[in-house]
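*Asks:* Got a predicted structure plus its sequence, pasted below:
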Amino acid sequence: IMFGCALMAQGWDFMKLSTAQYETNEHIIVEAFQNISIVADTADITFATSESDRCLVVCHEQKNATHMVVMKADALEIKLADARKWYEHIGINIGSPKITVYIPQGAYGTLSIKGSTGDVEIPQNFQFEFMDISESTGDVTNYASVSEDIKIKTSTGNIYVENISTSTVDLFASTGKVTASNVICGKDVKVHVSTGRTEMTDIKCKNVVSEGTTGDMTLKNVIASESFSIERSTGDVVFYGCDAAEISVKTSTGDVKGSLLAEKVFVTKTNTGSVVTPQTTTGGKCEVSTDTGDIKISIS
């Protein structure tokens, strides 16, 4: 009742109940740099194209919990400088800090981001040599290509990559969902999940390697020149018009089903599940092993 009366007195504006005070600070970087390193906590991180040849970092942040923006060697570093006392962490915080990095369009070296609950979004206007992003509950969305390795790790946060080319992709999520679409990869695509769902669409690579427990995995038009190596416990594995020279799928109670593009020599094993596969005798080996799961695969 007291909360409702207080909110009514403020014209039902929730922001007026917040005990945290926010401010917006701008940092102009005139030096050239190749690498970018960001260490944040709850701030959302977004990249955008600069309208000039300079870099501009705009931080919407709490007072006494601002972000330092400095140059070290050839690297732009953004780091949280939390000067709050312990009691200043207690209160009602309705706002959300945000970091927007405006950089000239082009190619850069290493992008390293470490955060907690904030989201990360990287547009397609940029290209990096290496990308290493680690979040906890925050989501990560990437449209930027990377010439070497992409590593993205979250706990409950979702991972989304689309329209990129790279050498290797390594995606790790616990309960978060992993979505990869329209990816050209010179080497391997690796996906590690626990209960999170994995969806891969329009992927070309050398190998697909994935491990998980209860998370389902769906592959649509995924082509690997060498192999699929997939392991799940109770999660299902579903193929739609996919293929690889060699295929290995292992599950416990999860089903394995769908369609492949070319004939395979099928080697299947299940205890109580049913098996339906083509009676083909040519092509690479497709080995599928389950405990109680069903195996139903066709050639399209």
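*Replies:* Yep, that arrived. Remember, it's a predicted structure, so these values are computed and weren't measured experimentally.
*Asks:* what pLDDT, on average, does stretch 225-243 get?
*Replies:* Throughout stretch 225-243, pLDDT has a mean value of 96.
*Asks:* Span of that stretch from start to end?
*Replies:* End-to-end distance for stretch 225-243, by C-alpha to C-alpha, to the nearest Å: 8 Å.
*Asks:* again with stretch 184-202
*Replies:* 9 Å.
*Asks:* Please apply the same query to stretch 243-263.
*Replies:* One end of stretch 243-263 to the other measures 9 Å (C-alpha to C-alpha).
*Asks:* Tell me the bridge partners for Ser112.
*Replies:* With DSSP bridges applied, Ser112 shows beta-bridge pairing to Ser37, Asp132.
*Asks:* what about the residue sitting nearest the centre point of the chain, distance to Ser136?
*Replies:* Geometric centre of the chain, nearest residue: Ile159, 2.5 Å, by C-alpha atoms, centre = their mean. Separation of Ile159 from Ser136 (C-beta to C-beta, to the nearest Å) stands at 13 Å. For glycine as for every other residue, the C-beta is placed from the backbone atoms N, C-alpha and C.
*Asks:* contacting residues around Gly186?
*Replies:* Neighbour list for Gly186: 166-168, 205-206 [criterion: C-beta atoms under 8 Å, 6 or more residues apart in numbering].
*Asks:* Buried only: go through those for me.
*Replies:* The neighbour-count criterion (16 or more other C-beta atoms under 10 Å) marks 166-168, 205-206 among the contacts of Gly186 as buried.
*Asks:* which one of these sits closest to Gly254?
*Replies:* Minimum distance to Gly254 across the buried ones among the contacts of Gly186 is 22.8 Å, recorded for Cys205 (C-beta to C-beta).
*Asks:* from what I can see the closest one touches Asp188, true?
*Replies:* Yes: between Cys205 and Asp188 there is a contact at 6.4 Å, judged by C-beta atoms under 8 Å.
*Asks:* who touches both of those two?
*Replies:* With C-beta under 8 Å, 6+ apart as the test, Cys205 and Asp188 both reach Val169.
*Asks:* Bridged to the residue lying closest to the residue nearest to the centre of the chain once chain neighbours are set aside, which residues?
*Replies:* Excluding the flanking residues, the one nearest Ile159 by C-beta to C-beta, 6 or more residues apart in numbering is Val178, at 4.8 Å. On the basis of DSSP bridges, Val178 is bridged to Ile159, Thr198.
*Asks:* count of neighbours near Val178?
*Replies:* Other residues near Val178 number 26, with proximity taken as other C-beta atoms under 10 Å.
*Asks:* Check the gap between it and Cys185 for me.
*Replies:* To Cys185, Val178 is 15 Å away according to C-beta to C-beta.
*Asks:* can you tell me which residues contact Thr117?
*Replies:* Applying C-beta under 8 Å, 6+ apart, one finds that Thr117 lies in contact with 41-42, 136-138.
*Asks:* In terms of distance to Gly215, which of the residues you listed ranks first?
*Replies:* Thr137 (17.2 Å).
*Asks:* thought the closest one was touching Gly157?
*Replies:* Yes: at 5.3 Å, Thr137 and Gly157 qualify as touching, with contact defined as C-beta under 8 Å.
*Asks:* The two - which one has more neighbours?
*Replies:* Shown here are Thr137 and Gly157; by other C-beta under 10 Å, Gly157 has more neighbours (26 against 17).
*Asks:* gap between stretch 264-278 and the chain center?
*Replies:* On the basis of C-alpha atoms, centre = their mean, to the nearest Å, stretch 264-278 sits 33 Å off its chain's mean C-alpha point.
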